[in-house]
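Asker: Make a model of this:
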Amino acid sequence: MRQTDVLVVGGGATGAGVARDLALRGLDVTLVERGGLSAGTTGRTHGLLHSGARYAESDRAGAVECIEETRILKQIAGACVRDTGGFFVQLAEDDPAYFAEKRAACEDLGIPTEVVDSAAAREDVPGLAEAAERVLRVPDGVIYPSRLVAANAEDARRHGATILTGAPVQRIDIEGGQITGVAVGGNVDETVAPEYVVNAAGAWAGSVARMAGLTVEMRPTKGLMIAVEYEGLGPVLNRCRPPADGDIIVPHESEVVLGTTSVPVDDPDDFRRDEWEIETVFDECAKLLPGVTDADPRRSWWGVRPLYEPAEADREGRGISRGYVCLDHATDGVENAASIVGGKLTTYRAMAEVTADLVCDRLAVDAECRTADERLPAADDPARLDEFVATFDGQGPADEDVGAERP
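Answerer: Numbers count the residues shown, from 1 in each chain. The predicted structure follows:
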């Protein structure tokens, strides 16, 4: 039986972030992931590094958290992110009052903005739609999730953590209100005896919780991304309207990623891939950047958002909060377990910090978070970062083009 202070279930950004945070605080950590790192939602996102502008008028707290975490990631993550900037584009058919509301909200929250007229915007984005009337420039960016997760896992490992991939949880044993053992299959095939368990399984958090007799109300939604060949796009493009299907274009070196949709699903492993989603994403994104219509498709993928919404909340799809919640299951009768659910890729580090704070409090560990100040290993060495990705079998479709030359 493998002994460990903390067992983290889930090898996406949040799980790897929790493992890194706790390992830096001196705890013995074991992370288990049923596939390779980033195999779930993290590796299947559009990779937008949110400035908070997308949520400024609708979720003030979430927007502030995004701009704070974006600033931190630009300092610690090196080649795991790109500081591209972003445009919120008002088309002729869009409500100018919404543009004004977003700008005012951003300014009020300390998110830097600049209003750019259509002529100046086309100098930065020559292929921008003729229907673009003005642009709000914001400090958005791009995340390469495979690199980000692998770098977090590598730093955790350097500080004593054990990272186990191909290691699905098969059973959770409870005695006297405590998790006493977690049976792990696949490449591991042994039982882990943890002092504490963190459920960071994203859209699958409800399934993991049920093994411990717990209920975590996940209401996942699927979203489609399409990568097409398109060189030279500088900033992220966002449609300046309330969030809807096909309103984001994320630049890579020789590609752009078009996204996305939001459709509720019952099972994050088993859902329809609908043709209408492909048509909608192409049609809507072409309203921002018409050249994508004729661009050669490289790949497409669906991701499943790990949205958390208690049953009493009567909202669906884009109405569900993108915020995160750290659930202390001591209130549910399991003293040594917590689930971290919801959130966005941009806020993974903050989610991990809140979770690690709870774990340390429960285990009487007096140690402060260091992840906002210490740079990730090999942050300025893309080739080395890609070696970490290969080591942890961490390649996801979101940034597959960036790592095309990976060993």
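
Asker: domains in this protein, as residue ranges please.
Answerer: Taking automatic domain parsing as the reference, the chain has its domains at 2-43+145-219+309-399, 83-141+221-305.

Asker: what sits against the most centrally placed residue in the chain?
Answerer: Centroid-nearest residue in the chain: residue 345, 2.1 Å away (criterion: CA atoms, centre = their mean). Neighbouring residues of residue 345 by CB atoms under 8 Å, 6 or more residues apart in numbering: 13, 42, 45, 47, 48, 143, 145. In this view, the C-beta of every residue, glycine as well, is placed from N, C-alpha and C.

Asker: Give the buried residues for the lengthiest helix in the chain.
Answerer: Using DSSP state H to define each element, the chain has its longest helix at helix 60-76. Buried residues in helix 60-76, counted by 16 or more other CB atoms under 10 Å: 62, 63, 64, 65, 66, 67, 68, 69, 70, 72, 73, 76.

Asker: what's the following helix or strand after that helix?
Answerer: Per DSSP states H and E, the first helix or strand lying C-terminal to helix 60-76 is strand 81-82.

Asker: Next SSE downstream of that following strand?
Answerer: strand 86-91.

Asker: report the angle between the axes of whatever helix or strand comes next after that following strand and helix 60-76?
Answerer: Going down the chain from strand 86-91, the next helix or strand is helix 96-109, by DSSP H and E. When axes from the mean of the first three to the mean of the last three CA atoms, to 10 degrees is applied, the directions of helix 96-109 and helix 60-76 differ by 60 degrees.

Asker: elements contacting helix 96-109?
Answerer: For helix 96-109, the packing partners by 3 or more CB pairs under 8 Å, 6 or more residues apart in numbering; DSSP states H and E come out as helix 60-76, strand 86-91, strand 132-138.

Asker: Mind putting these into a markdown table with distance to residue 217 and mean pLDDT?
Answerer: Output for the helices and strands packed on helix 96-109, formatted as a markdown table (distance: least, CB to CB, whole Å; pLDDT from 0 to 100):
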| stretch | distance to residue 217 | mean pLDDT |
| --- | --- | --- |
| helix 60-76 | 19 | 97 |
| strand 86-91 | 32 | 98 |
| strand 132-138 | 33 | 98 |
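
Asker: want to try a markdown table for these, with distance to residue 267 as columns?
Answerer: As requested, the helices and strands packed on helix 96-109 are exported to a markdown table (distance: least, CB to CB, whole Å):
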| stretch | distance to residue 267 |
| --- | --- |
| helix 60-76 | 27 |
| strand 86-91 | 33 |
| strand 132-138 | 36 |
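
Asker: between those, which gets nearest to residue 215?
Answerer: Comparison of these against residue 215 by CB to CB identifies helix 60-76 as nearest, at 24.6 Å.
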